[in-house]
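**Student:** here's a sequence, model it:
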Amino acid sequence: MIPATPVEILHSAPGPAPSDDAFGLLHRPGVLHAWVIDGATSVSERPNKVLSRLSDPGWFARALSDEIRRTLRHGELTDDALARSLSHLRRRFIDRAGPELDHHDFPVAAMTYLRISRHGRRYAIDSLKFADCFHLQGPVAPARIAPGAALPAPLPKASLPATGPLIERMRRRRAAQVRDLASTAITIDPSSAGMGRRRREIAYPGSEIVLGSDGYARLWTEYALQTEEDAIRTTAQVGAARVLHDLRAWERANLGHGKAPKPADDVTVLRLRVNAPYARGTLRSNGATLVWRASPAGRVRAEAIRV
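**Tutor:** Residues are numbered from 1 along each chain as shown. Purely as a prediction, here's the structure:
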């Protein structure tokens, strides 16, 4: 029996552009590694300096996810290993984006990484957290998941203003994050590897763990539509895809809520179950949203999914 297994994966952009989030899963003997990376919205005058089809934060999140996977195949995600990966990515970014860069041109991200392993009769969750990605733990709730629930339609495109006091304030903050490490975000500078918070928790067999990006956490943070406890219970009962459908409906009806520069954000959620058998699943996508669910008839391995 492996220590934990995925039961649902949700990856969604609010509009037609690719998400700036990335995620990964990797089983090693006696261990499940899981992570979500949320690239912070670009405030650069040139937001696509590396790849024309993808924002720099989206490139950073995916490239960092690939680096983490390579590291974990041969060892552990120590601060030193993470710093080496960031140093490599910084060189790649400068080579492609050019040397004439301001501090606010560099990408930063939030991240949550979990290492789940056996701990006697219980299970240890060793986490590494940067900025506002999250993970929650709760009991498995009776499921009421409708497999054929419709995926949410894209929202109207909403971009940051190109000029004005808001974008200038955001650029000053981004410059401070990159230059002075003035936040808990992970940046493309190797010195930021030590800014994460490490923690150990204990889980019991049958627990459900939900990790994800702050677009999902808006439910209990920015919008205050639920508490954290309500959110993990509802997610376990009806599935993250159904919760996202309701979240996007609320955002569509409240586009002018004015609580953030963007009226909606990328959402990535990994639902894991402790002490559950390994599962394959079924995959659905409408271009903007991808949903994988564990299923007895499923043929897609969760670890094989790439974005």
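
**Student:** okay, helices next: where are they in the chain?
**Tutor:** Using DSSP state H, the helices found in the chain span residues 56-74, 79-97, 165-180, 214-217, 228-238, 240-253.

**Student:** the fourth one: how far from the chain's middle?
**Tutor:** Chain-centre distance of helix 214-217: 9 Å, with C-alpha atoms, centre = their mean, to the nearest Å.

**Student:** do the same with stretch 275-289
**Tutor:** On C-alpha atoms, centre = their mean, the centre of stretch 275-289 falls 16 Å from the chain's centre.

**Student:** OK, contacts around Arg84?
**Tutor:** Pro190 (C-beta atoms under 8 Å, 6 or more residues apart in numbering). Any C-beta I mention is one placed from the backbone N, CA and C, and that applies to glycine too.

**Student:** same question for Thr221.
**Tutor:** Contacts for Thr221 (C-beta under 8 Å, 6+ apart) come out as Asp132, Asp214.

**Student:** what's the answer for Ser19, then?
**Tutor:** His11, Ser12, Ala13, Gly58, Asp266, Thr268, Val307.

**Student:** what is the burial count for the nearest residue to Pro47 once chain neighbours are set aside?
**Tutor:** Spatial nearest neighbour of Pro47, chain neighbours left out: Ser55 (5.1 Å); criterion: C-beta to C-beta, 6 or more residues apart in numbering. The local packing of Ser55 (other C-beta atoms under 10 Å) involves 22 other residues.

**Student:** next, give phi and psi for Ser55.
**Tutor:** phi -70, psi 160 (degrees, to the nearest 10).

**Student:** so what pLDDT did the residue nearest the centre of the chain get?
**Tutor:** Taking C-alpha atoms, centre = their mean, the centroid of the chain lies closest to Val36, which sits 3.2 Å from it. Among the per-residue scores, Val36 holds a pLDDT of 98.

**Student:** next: Pro147.
**Tutor:** pLDDT, Pro147: 57.

**Student:** what's the answer for Ser85, then?
**Tutor:** Note for Ser85: predicted pLDDT of 98.

**Student:** where along the stretch 101-250 of the chain do the strands fall?
**Tutor:** With strands called from DSSP state E, counting those that start in this stretch, the stretch 101-250 of the chain shows them at 108-119, 122-130, 134-139, 186-187, 197-203, 207-212.

**Student:** can you put these in TSV and add mean neighbour count?
**Tutor:** What follows is these, written out as TSV (neighbours: other C-beta atoms under 10 Å):
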stretch	mean neighbour count
strand 108-119	22
strand 122-130	20
strand 134-139	17
strand 186-187	26
strand 197-203	13
strand 207-212	24
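
**Student:** so which of the ones you listed comes closest to Asn286?
**Tutor:** strand 207-212 (19.4 Å; C-beta to C-beta).

**Student:** hmm, who's touching that closest one?
**Tutor:** 4, 7, 10, 34-36, 112, 114, 116, 123, 125, 133-141, 203, 231-232, 235-236, 240, 267-274.

**Student:** just for the stretch 201-307 of the chain, where's the confidence low?
**Tutor:** Along the stretch 201-307 of the chain, segments meeting pLDDT under 70 span 258-259.

**Student:** no no, the stretch 1-150 of the chain
**Tutor:** Scanning the stretch 1-150 of the chain for pLDDT under 70 picks out 1, 141-149.

**Student:** mind redoing it with 80?
**Tutor:** For the stretch 1-150 of the chain, residues meeting the criterion pLDDT under 80 lie at 1, 140-150.

**Student:** isn't Pro107 up against Ala63?
**Tutor:** No - using C-beta atoms under 8 Å, Pro107 is not in contact with Ala63, being 9.4 Å away.

**Student:** that older thread, beta partners for the residue nearest to the centre of the chain?
**Tutor:** Beta bridges link Val36 to Phe23, Thr112 when assigned by DSSP bridges.
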